[in-house]
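> Build the 3D model from these lines:
(one chain, ligands or ions: 1)
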Amino acid sequence: MRARQTVWGLMAVACSAGTAGAAREATPEARVAARPPMTGGNRHYTGSRPPLAPAPLLKLPVGAVRPEGWLRRQLELMADGFTGRLPELSGCCRFEDSAWADPRGRGRNGWEELPYWLKGYVVLGHVLGDVRIQQEARRWIEAILRSQRPDGWFGPESNRAAPDLWPNMLAVDVLRSHFEATGDNRVPPFLKRYFRWQARLPLERFLPADWQKWRGGDNLAAILWLYDRTAEKWLLDLARVNHERTADWVGGIPTWHGVNICQGFREPAQYWQLARDRRYWDAAERNYRIVMERYGQVPGGMFGADENARPGFNGPRQAAETCSMAEMMHSHELLLALSGDPAWADRCEEVAFNSLPASMTPDLKALHYLTAPNMVQLDRQSKAPLLQNGGDMFSYDPESYRCCQHNAAFAWPYFAERLWMATAGDGLAAPFYAASTVRARVGDGAEVAIREETDYPFGDSVQLTVSASRPVSFPLSLRIPGWCGSPGVSVNGRALPVQPGARGWLVLRRTWRGGDRVRLHLPMSIRVTTWENNRGTVSVSRGPLTYSLKIAERWVRWGGADRWPKHEVYPASPWNYGLVLDEAAPARSFTVLQWHGGLPDQPFTVRDAPVQLRVRARRIPQWVLEPNGLVGEVQPGPVTSQEPEEEVVLIPMGCARLRISAFPRIGAGPDAREWGDSVVLDASHVHDTLAAVADGVIPASSWDQSIPRFTWWDHRGTTEWVEQRFGRPRRVGSCQVYWFNDEVVGGQCRVPQAWKLLWWDGAAWQPIAAGHPAAGDAASQARFAPVDTTAVRLEVRLRPGWSAGILEWKLAP
Ligand SMILES: [Zn+2]
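All right, here's what the predicted structure looks like:
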C-alpha cells in the first residue's frame with residue numbers, strides 16, 4: 001500500500017460549491033483532486049485485479065466512444081487513405097499469400113507488418129462503425145484464431161524457431177481489441193493456451209534478444225490484461241519472468257533506438273502494478289526525463305532520434321519516426337491510466353496535436369518516415385549523416401516507409417477510444433478533449449450517454465450534455481490541463497467555484513439527469529518557452545498547441561499512381577526568421593487571430609489553420625539550407641539581424657508540413673551574437689564541462705585544477721570524439737590540444753593513446769592530422785594545409801583502462 005499512496009504525492013485541494021440554488025436540485029460539488037476517484041471500485045468495467053495495483057482510469061470497450069468533429073474526420077480520411085486501403089499498397093497485407101492467414105503459419109510476410117496494421121485497423125473499424133473495415137479485419141482475426149497449434153503457439157511458423165515473440169505481441173493486441181468490441185469468448189482461452197506455451201519456454205529462449213527484448217513491456221501488458229479477466233495466478237508468475245527477461249529499463253536506458261525508447265521506457269511502471277514498489281514507477285519517469293533532457297529540448301513532445309538518438313545530434317532539426325509518435329502516445333495513454341496523473345495526458349496531446357498530423361498528407365493518403373520541429377524542405381535527397389537514417393525519409397509516400405506505413409494505423413484510433421474512461425465509484429472521466437459521444441454504464445448500472453461538443457484543441461470551451469433514462473448518481477472527472485491556470489466549470493448554467501491554480505481533475509459528484517449540461521472553460525494563454533539547453537531557441541504555445549512559422553508550400557509530385565501520388569514539398573516563402581520578442585513580457589509580443597464559425601473539416605492544413613498568431617520577426621540571411629537540403633542548424637541566440645522588422649504569421653505546428661517551431665531569438669543587447677560567430681560543441685560522451693573545451697582559458701599545466709575541464713570519464717580505453725561546429729565556414733590550418741592529465745594526484749585521466757583531427761566536407765568527415773601524444777605531454781600541436789569547413793572533430797583513442805580529458809582545444813587559420 002505504501003507505494004500506491006506515495007507515487008503521486010500531488011496536492012489535493014478540495015473546494016466545495018456553495019449551496020445556492022440547492023432547493024431546486026441536489027447540491028453539485030466541484031472538487032479538485034490530484035487523481036480521479038480511487039475508492040468504491042467499478043462494477044461495470046474490468047480494472048486491475050488484486051494483488052495488482054488498482055488503475056485510476058479503466059479503458060472502456062472499443063466502440064463505447066464515438067468520436068465526432070475533426071477527430072472523426074481524421075478517422076474517416078484514414079479509412080479512405082493509406083491505412084484503410086493498405087492491402088492495395090502493401091504486399092504484407094494481402095490475405096492470399098500471408099503467413100498470418102494460413103492455419104499452419106506458412107507463407108510470406110509473417111513478421112510485424114500485418115499485425116502492426118491490423119492492431120490499428122480493427123480499432124478504426126469499431127470507433128467509426130465502418131462495416132467494411134470490421135469485416136476485413138474479421139477475416140484476418142478468424143485466420144489468426146484458426147492458426148493456434150496444439151501446444152499453444154499461433155501465427156507464422158517462421159517466428160517460432162528463435163522464437164521471435166515480437167510480432168505475436170502485436171497480434172495479441174489485435175485479439176484484445178476484438179474481444180473488447182465483440183465479446184468473442186474464444187479469445188481468453190486462446191490467449192491462455194498461448195501464454196502457457198510461453199511459460200514452458202526455457203528461459204534462454206524467452207525474450208532472448210533484439211526487438212522482443214526491448215519491447216517486452218507489450219507482452220507484459222497483455223499478460224496482466226488476461227490476469228484481470230481470468231484470475232489465474234500463474235499469469236503473475238509469467239509476468240515476473242517477463243520482466244526479468246525484458247531489457248533492463250530499470251537500471252538505465254538499454255537502447256537508444258527511437259521507437260524502442262518510446263515503447264520500452266514505460267516497462268518498469270507496468271511492472272510496478274505487480275511489484276508495488278514505487279522505485280519501479282520512478283524508473284519509468286526517470287527514463288522519460290533523461291531522454292527528454294538530452295534529446296527532447298524542443299517543442300512537439302518528441303525527441304530527436306532519426307533512427308537512434310545520438311550524442312551531438314540534439315538540435316530542433318533532428319527528427320522522430322512516425323512509429324515513434326504512435327508508440328509515444330500509447331505509452332503516455334497507458335501511464336495516464338495507471339497513475340491518473342494528468343501530466344501524461346498533457347504529454348500525449350502534445351504529440352497528437354503538434355507532431356503527428358504533419359507526419360501525413362492532409363488527405364492521409366501518404367506519410368513520411370521522419371518529422372522534426374524544424375524542417376523546411378521535404379525533398380527526396382538523403383539527409384545522412386546529419387540525420388542518421390539515409391535515403392528518402394522526408395517525401396510523402398503511401399508505400400515505401402515499411403514500418404511506419406503499417407504502424408501509424410493505431411495512433412488516432414487508440415487515442416479516440418480513450419477520450420472517455422471509467423473510474424472508481426462507477427464514474428466516468430474525460431482525460432482528453434475532442435468532440436464525441438460516449439455511452440457507458442455508471443452508478444447503479446444505468447446507461448448514460450454524454451455528448452461532448454468542443455473545438456478543442458483550437459477552442460477553449462467544452463460543453464457536455466447528459467442523456468439518461470433515469471437519474472443516476474456518479475462522479476464525473478474532467479482533466480485540468482497542466483497549462484491551464486484558471487479553469488472554470490458550470491453545471492446547468494450555475495458556476496461552481498474552482499480555486500485558481502488548481503491542478504489535477506475536477507470531480508463533479510451529483511445525481512445526473514437527462515438534459516444536464518456541464519460547461520468547462522479552459523482559458524488558453526500564450527506561453528513562450530526558452531530552450532536554454534538547446535541553443536537558447538524559443539517556442540510559442542497556446543493551450544495544447546505549439547505554433548510554427550507559416551511557410552507557403554509548393555507540392556511537387558514525383559511519382560506514384562494517380563490514386564496514390566508521391567510528393568516532395570518545397571518552401572515558397574522565406575523561412576529563415578528569428579523572433580523579435582518583448583524582453584520583459586515575451587507573451588505580449590503576439591496577437592491571436594481566431595477563426596469564426598465552425599472548424600474546417602481538416603483543420604491540420606496551412607490554408608485552413610483555425611488559429612493564427614502574429615508576431616514581429618527579422619530574417620537571418622546567413623541561415624540557409626545544408627547542401628543536402630536539410631535546414632541549417634539553429635545557432636545559439638540571441639542573434640543579431642540587420643534586416644528590417646516584419647510581421648509574420650504563426651500557425652499550429654500540426655498544420656505546418658514545412659515548419660520552424662524552435663526559433664532563434666533576435667537580440668540587440670551585449671549577449672547577442674552575429675549568426676555563425678558562435679561555436680556549438682558536441683561530444684560522444686560528456687563528464688565535467690563541455691564548454692571548457694573552447695572557453696579560451698589556457699591551463700597552467702596539464703593537471704591545472706583551477707579551471708573548468710572536459711573529460712570523457714567514466715569511459716576508458718574506448719574511442720571518443722569532441723566536435724566544434726561553426727555557424728558559417730571557417731578556415732582551419734592549425735590546432736592545439738591541452739590534454740588533462742591527473743596522474744600526479746592519482747586520478748583516472750591520462751593523455752590518450754592517439755588522436756586524429758577530422759574536418760567536415762559537407763557530406764563526410766575527412767582526416768586532416770593525427771598524432772600520438774607522449775605521456776605527460778600538456779599540449780599536442782599540428783599544422784596542415786588549411787581547409788574551409790563548418791565543423792571539425794577530434795577523435796581520440798583512450799589508453800586501455802584509462803579515461804582522458806581536455807582543458808582547451810584551440811583552432812587557428
Ligand atoms: Zn516506423
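> drop to CA atoms for contacts and neighbour counts, all remaining ones
OK.
> wait, what's in contact with whichever residue of the stretch 401-550 of the chain sits closest to the ion?
Among all residues of the stretch 401-550 of the chain, residue 404 sits closest to the ion, at 3.4 Å; criterion: Cα to the ion. With contacts defined as Cα atoms under 8 Å, 6 or more residues apart in numbering, residue 404 is in contact with 321, 322, 323, 369.
> confidence score at residue 18?
We have a pLDDT of 35 for residue 18.
> mind exporting the helix or strand where the residue of the stretch 401-550 of the chain closest to the ion lies as PDB, just the C-alpha atoms?
Taking DSSP states H and E as the definition, one finds residue 404 inside helix 402-407. Presented in PDB, the C-alpha positions along helix 402-407 are these (Å, rounded to 0.1, in the frame of the first residue of the first chain):
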ATOM      1  CA  ARG A 402       7.700   0.000 -44.300                       C
ATOM      2  CA  CYS A 403       7.200   0.000 -40.500                       C
ATOM      3  CA  CYS A 404       5.500   3.500 -40.200                       C
ATOM      4  CA  GLN A 405       3.200   2.800 -43.000                       C
ATOM      5  CA  HIS A 406       1.700  -0.100 -41.100                       C
ATOM      6  CA  ASN A 407       2.200   1.000 -37.500                       C
END
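> List the buried residues in that helix.
403, 404, 405, 406, 407 (16 or more other Cα atoms under 10 Å).
> Over to stretch 254-262?
Of the residues in stretch 254-262, those buried (16+ other Cα under 10 Å) are 255, 257, 258, 259, 260, 261, 262.
> Pretty sure residue 466 sits against residue 448.
Yes - the pair residue 466 and residue 448 passes the contact test of Cα atoms under 8 Å, sitting 7.0 Å apart.
> Once you drop chain neighbours, what's closest to residue 769?
With Cα to Cα, 6 or more residues apart in numbering as the criterion, residue 769 has its nearest non-adjacent residue at 5.1 Å, and that residue is residue 757.
> Wait, a strand at residue 795?
Yes - membership of residue 795 in a strand is supported by DSSP: H, G, I helix; E, B strand; the rest coil.
> residue contacts, it?
Here residue 795 is in contact with 719, 720, 721, 722, 755, 756, 757, 758 (Cα under 8 Å, 6+ apart).
> Tell me which of those fall in strands.
Residues of those located in strands (DSSP state E): 719, 720, 721, 722, 755, 756, 757, 758.
> Now tabulate those in JSON lines and tack on distance to residue 569 and pLDDT.
Converted to JSON lines, the ones in strands among the contacts of residue 795 look like this (distance: Cα to Cα, whole Å; pLDDT from 0 to 100):
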{"residue": "719", "distance to residue 569": "40", "pLDDT": "95"}
{"residue": "720", "distance to residue 569": "38", "pLDDT": "94"}
{"residue": "721", "distance to residue 569": "36", "pLDDT": "94"}
{"residue": "722", "distance to residue 569": "35", "pLDDT": "94"}
{"residue": "755", "distance to residue 569": "42", "pLDDT": "94"}
{"residue": "756", "distance to residue 569": "40", "pLDDT": "94"}
{"residue": "757", "distance to residue 569": "37", "pLDDT": "95"}
{"residue": "758", "distance to residue 569": "34", "pLDDT": "95"}
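> and residue 663, bridged to which residues?
Using DSSP bridges, the bridge partners assigned to residue 663 are residue 538.
> any idea how far the ion is from it?
Distance, residue 663 to the ion, by Cα to the ion, to the nearest Å: 27 Å.
> go on, residue 667?
39 Å.
> For the closest residue to that residue other than its chain neighbours, give me its contacts.
Nearest residue to residue 667 in three dimensions, chain neighbours excluded: residue 638, at 4.9 Å (Cα to Cα, 6+ apart). Residue 638 makes contact with 536, 664, 665, 666, 667, 668, 671, 672, 673, according to Cα under 8 Å, 6+ apart.
> which two in these are spaced the farthest apart?
By the measure Cα to Cα, 536 and 668 form the most distant pair in those, at 14.8 Å.
> quick one: which of those two has more around it?
Higher neighbour count among residue 536 and residue 668: residue 536, with 20 against 14, using other Cα atoms under 10 Å.
> Quick check, pLDDT for the more buried one.
Reported pLDDT for residue 536: 91.
> How far does stretch 420-431 sit from its chain's centre?
25 Å (Cα atoms, centre = their mean, to the nearest Å).
> Tell me the buried residues in it?
420, 421, 422, 423, 424, 425, 426, 427, 428, 429, 430, 431.
> Now the terminal residues of it, how far apart.
Its first and final residues considered, stretch 420-431 spans 6 Å by Cα to Cα, to the nearest Å.
> Stretch 239-256 now?
This stretch, stretch 239-256, spans 25 Å end to end (Cα to Cα).
> returning to that earlier point: is the ion within reach of the helix or strand just after the helix holding residue 404?
Downstream of helix 402-407, the first helix or strand assigned by DSSP H and E is helix 411-417. No - Helix 411-417 lies apart from the ion when judged by Cα under 5 Å from the ion; the minimum separation is 12.2 Å.
> same for helix 411-417, what does it pack against?
Counting contacts by 3 or more Cα pairs under 8 Å, 6 or more residues apart in numbering; DSSP states H and E, helix 411-417 packs against strand 65-67, helix 69-80, helix 113-128, helix 322-339.
> Swap in 10 Å and give it another go.
The contact analysis (3 or more Cα pairs under 10 Å, 6 or more residues apart in numbering; DSSP states H and E) places helix 411-417 against strand 65-67, helix 69-80, helix 113-128, helix 322-339, strand 436-442.
> The ion contacts on the stretch 201-350 of the chain?
Counting by Cα under 5 Å from the ion, the stretch 201-350 of the chain comes close to the ion at residue 323.
> How many residues are close by the residue of the stretch 201-350 of the chain found nearest the ion?
Proximity of the stretch 201-350 of the chain to the ion (Cα to the ion) peaks at residue 323, 4.1 Å away. Residues near residue 323, counting by other Cα under 10 Å, number 25.
> can you tell me how far the closest residue to it other than its chain neighbours sits from residue 113?
Of all residues not flanking residue 323 in the chain, residue 404 sits nearest, at 5.0 Å (Cα to Cα, 6+ apart). Plainly put, residue 404 is 9 Å away from residue 113 if you go by Cα to Cα.
> What distance do you get for the residue nearest to residue 323 to residue 286?
Using Cα to Cα, residue 404 is found at 27 Å from residue 286.
> and what of residue 798?
Taking Cα to Cα, one finds residue 798 at 30 Å from residue 286.
> Just the element for whichever residue of the stretch 701-813 of the chain sits closest to the ion, please.
Nearest to the ion in the stretch 701-813 of the chain, going by Cα to the ion, is residue 763, at a distance of 25.1 Å. Counting by DSSP H and E, no helix or strand carries residue 763.
> I figured it hits residue 387, correct?
No - in this structure residue 763 lies outside contact range of residue 387 using Cα atoms under 10 Å: 11.5 Å.
> if you count what's nearby, which of the two comes out ahead?
residue 387 (22 against 13).
> Tell me the secondary structure at that one.
The local conformation at residue 387, judged by three-state DSSP, is coil.
> I'd say it and residue 312 touch.
No - here residue 387 lies out of contact with residue 312, judged by Cα under 10 Å, at a distance of 11.1 Å.
> For this structure, which residues are neighbours of the ion?
Counting by Cα under 5 Å from the ion, the chain sits next to the ion at 323, 403, 404.
> repeat that with 6 Å
321, 322, 323, 403, 404 (Cα under 6 Å from the ion).
> Of the contacts of residue 638, keep whichever come out buried.
Listed as buried from the contacts of residue 638 are 536, 664, 665, 666, 667, 672, 673; burial here means 16+ other Cα under 10 Å.
> The third one: what's it in contact with?
Spelled out, that is residue 665. 530, 535-539, 577-581, 617-618, 635-641, 672 (Cα atoms under 10 Å, 6 or more residues apart in numbering).
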